[in-house]
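Chemist: Quick one, fold the following:
(chains A and B)
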Amino acid sequence: MKRFAFYGVVLLQVLFLAGMSVSYYAMDAFGQTIKLETAPVDPRDIFYGDYVILNYEIEMIEEKKWSGEIPEYGEAVYVLLEESENGLFQVVDASCDKMETKADQVRLKGKYQWHNEGQSVHQVTYGINRYYVEENTGKQYEQQREEMVVEVVVAPWGQKKIVSLE
Amino acid sequence: MNRQQVRNEGNKWVERGIIEPHQLDEIMALYPKRSQKPILLTLAAIFIGLGFLSFIASNWGVIPDIARMAIIIMAMIGFYIAGDKVYRTRSETVGLSLLIIAVLIFGSGIFLTGQMYNYTSFSAFPFFVWALAALLVFAVYDERSLFVIAIVITTIGQVYSAVNFSEFNVLLGLLFVLGFSHYVYHRADWLYATLFSLSYLLQTVILAFVEYQSYHWLLVCFLILYLIGMVVPKEALRIPFTKLSVAAMFILVVCQVFFLEVEFFTESLGGELVFLTIWIVLSLSAVFLLWKKDHFILLLNLVLFLPVFYLEAGSMVALILLFIYSLGWLLRGYQSETPDIVTKGTVAFVISTIVAYTQLAWDFMDKSLFFFIGGILLFLLSFFLERKRRNLSKRGRTV
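Modeler: Here you go, the predicted model:
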């Protein structure tokens, strides 16, 4: 019994790590790629090596695009994106409810941050604000002050990952 | 005298025929082999785990993704299997160290994989998975060092959640309340109970400040720990639970002395009715328990749990509570001639005096005068109390 429990516990941990890896590759097969606009900065975190902090255009949602009630800090929100003429995805609708997506729309799940009254926008985050780069190569992004384009893959099961930064 | 010295001396006595060999064996039985403390080996395990983490992390760039995954998983499996085998056949301590490394590799593996694949992260969920794994490993072996690792991971995860995401991680909280409490209760180990209490106090602070921005619920949280301590029939749980909750409450009252003067704190209190109801029910049960056990002296502890923030002069009343508590225990200590209680009362009294002095004199006095007079006051106080205490321990010895 104890032997069984030991191997079970080890197996679960192996499966978890392997699962993280597998779902990453599965996203390429089943997910949809979208392009987003940004502006970066570059600090360090003790748990990770070097990474770039990314802020996105779509994290600032104009008041008029918000439907339904305004949530509290940290609550889950859903945002519908649509591709504009320049190939970048823009916000069309945002709400606390899971909205239906039309054919060419993508739905992202995020967390509500705060209401910026000065700019009349609602700030949300999608949890894709960190892009990891190889040790000591983050500097090139630090110098970069103009906006970049980030390629993000969104899986049907809600997972997101950053594919590239240009 | 240690065991080796006894053995050496004993051998001489046997040679001279003073004692018989079997008598030496009986004497030796009085000096049991000291169990080797696993602290050094545990530290060694942690260092190797950290070394592994930083080595892999710094050479990470040149290894392809799949190979990295393989390194992490193989290393983890290797340390688990080796640890398990060594634990069962050779040395429990070494085996445990290897198992601890395996747990650390799993944790670093989660973070490294997340980094490798640019995983999105909204919460301390990775810490939850890690803490859960650590708790399961502990459940298999039932060893203290594994418990320590598991509860430390859980607590760090909660702090990480508070710092990075400004939220109390509910999953970690549930794991703590449902998972850890089971082992704390059934093993009835003072170390488990102490760590559990400390983690509980820290997590309630995070819950109160990060999630609700209202510190007054801490009173209820601390009181719950105190009550549980009173109710549990096991000594090993009762002492850490009650002592640590009272200590935490003492600190909270000290904070109240300073903060209750600030308007923000008095105005931000919410949920009055619910709070009062819960507080009254808990306090009444505590008083009832004391009455049933005829331990009225412990009312001195409960004094600290009064909700002074409802009063206009809350800061002043909090200060008075500190003095009731410390003087009460000081007198009790002298009356019952128990040095431990006298020491507790003395420490509490000195702290209360410093708080009162700082609170009352800081605004009115020149700063150098403040420290100068404060120093003299403390000196006199310590001289007086120390003399009392010495008299007491002298008397204690002669009686």
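
Chemist: Please report the number of neighbouring residues for B:Gln359.
Modeler: Neighbour count of B:Gln359, defined by other Cβ atoms under 10 Å in any protein chain shown: 17. No exception for glycine: its C-beta is placed from N, CA and C like everyone else's.

Chemist: Surely it touches B:Phe259?
Modeler: No - contact criterion Cβ atoms under 8 Å: B:Gln359 and B:Phe259 do not qualify, at 11.1 Å.

Chemist: Between those two, which contacts overlap?
Modeler: Common contacts of B:Gln359 and B:Phe259, defined by Cβ atoms under 8 Å, 6 or more residues apart in numbering or on different chains, comprise B:Ser315.

Chemist: Which pLDDT value belongs to residue 50?
Modeler: With no chain named, the answer covers chain A. Confidence at A:Asp50, expressed as pLDDT, is 66.

Chemist: look at chain B instead
Modeler: Looking at B:Leu50, its pLDDT reads 79.

Chemist: Now do the same contact list for it.
Modeler: B:Leu50 sits next to B:Leu104 when contact means Cβ under 8 Å, 6+ apart.

Chemist: ditto for B:Gly83
Modeler: The neighbours of B:Gly83, taking Cβ under 8 Å, 6+ apart as the test, are B:Gly95, B:Leu96, B:Ser97, B:Leu98, B:Leu99, B:Ile100, B:Ile101, B:Ala102.

Chemist: which of those residues are close to chain A?
Modeler: Taking Cβ under 8 Å from any Cβ of the partner chain as the test, chain A is in contact with none of those.

Chemist: Please tabulate those in a markdown table, including the columns distance to B:Ile77.
Modeler: Formatted as a markdown table, the entries for those read as follows, by distance: Cβ to Cβ, whole Å:
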| residue | distance to B:Ile77 |
| --- | --- |
| B:Gly95 | 15 |
| B:Leu96 | 17 |
| B:Ser97 | 17 |
| B:Leu98 | 12 |
| B:Leu99 | 12 |
| B:Ile100 | 15 |
| B:Ile101 | 12 |
| B:Ala102 | 8 |
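
Chemist: ok, so of those, who is nearest B:Trp190?
Modeler: Nearest to B:Trp190 among the contacts of B:Gly83 is B:Leu96, at 19.7 Å by Cβ to Cβ.

Chemist: Please determine how far that closest one is located from chain A.
Modeler: Summarising the geometry, the distance separating B:Leu96 from chain A, computed by Cβ to the nearest Cβ, to the nearest Å, is 13 Å.

Chemist: List the buried residues for the helix or strand containing that residue?
Modeler: Assigned by DSSP states H and E, B:Leu96 falls within helix B:92-116. Residues of helix B:92-116 classed as buried: B:93-116 (neighbour count, 16 or more other Cβ atoms under 10 Å in any protein chain shown).

Chemist: got a list of contacts for the helix or strand following it?
Modeler: Next helix or strand after helix B:92-116 toward the C-terminus (DSSP H and E): helix B:125-141. Helix B:125-141 is contacted by residues A:2, A:5-6, A:9, A:12-13, A:16, B:87, B:96, B:99, B:102-103, B:106-107, B:110-111, B:114, B:146-147, B:149-150, B:153-154, B:156-158, B:160-161, B:169, B:171-172, B:175, B:179-180, B:183 when judged by Cβ under 8 Å, 6+ apart.

Chemist: The residues you listed, buried ones only, as a ChimeraX selection?
Modeler: Buried members of the contacts of helix B:125-141, identified by 16+ other Cβ under 10 Å, are gathered into one ChimeraX selection as follows:
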select /A:6,9,13,16 /B:87,96,99,102,103,106,107,110,111,114,146,147,149,150,153,154,156,157,158,160,161,169,171,172,175,179,180,183
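
Chemist: how about the residues of chain A that lie near chain B?
Modeler: Chain A has residues A:2, A:5-6, A:9-10, A:12-14, A:16-18, A:20-21, A:24, A:47-49, A:51, A:73-74, A:111, A:126-128, A:130-132, A:134-135, A:159-162 near chain B, with proximity defined as Cβ under 8 Å from any Cβ.
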